[in-house]
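Novice: turn this into a model:
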Amino acid sequence: MLTYLIYLILSYLNTYLSYLSYLNAYLSYLSYLISMWRAYELQRGQNGINSFKRHSDGTFTNDYTHYLDKIKAKDFVQWLASTKREK
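Specialist: Here you go, the predicted structure:
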């Protein structure tokens, strides 16, 4: 009787360990899929950011500064031309 009980316990433990092995493999695969998904979203997110210009990238500021520099240069040329005419 004791031998049979030990046999049943070992049989259940063996089944339990095999289920744990399957669960471990499943969790490893799930972890791999999640890491691949995160890498994909990161890649997609970076491509989305690079596809348009943002103020935080300094694009707007640089364009606006360039525009103001052109206006200052025109004003300077007009001032210089008017100063030379007066003399």
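
Novice: okay, now the unreliable bits of the chain?
Specialist: 46-62, 85-87 (pLDDT under 70).

Novice: relative to the whole chain's centre, how far out is the stretch of helix or strand Arg44 belongs to?
Specialist: Assigned by DSSP states H and E, Arg44 belongs to helix 2-50. Here helix 2-50 shows a centroid-to-chain-centroid distance of 26 Å under the convention C-alpha atoms, centre = their mean, to the nearest Å.

Novice: need the next SSE after that helix, C-terminal direction.
Specialist: Counting by DSSP H and E, what follows helix 2-50 is helix 59-86.

Novice: now that next one, how far from the centre of its chain.
Specialist: Distance, centroid of helix 59-86 to centroid of chain: 41 Å (C-alpha atoms, centre = their mean).

Novice: got the domain ranges for the chain?
Specialist: As given by automatic domain parsing, the domain ranges for the chain are 1-52, 56-87.

Novice: columns mean neighbour count on top of the ones you listed, output as JSON lines?
Specialist: Just so you know, the C-beta spots here come from the backbone N, C-alpha and C atoms, and that holds for glycine as well. Shown next, in JSON lines, are the domains of the chain (neighbours: other C-beta atoms under 10 Å):
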{"stretch": "domain 1-52", "mean neighbour count": "10"}
{"stretch": "domain 56-87", "mean neighbour count": "10"}
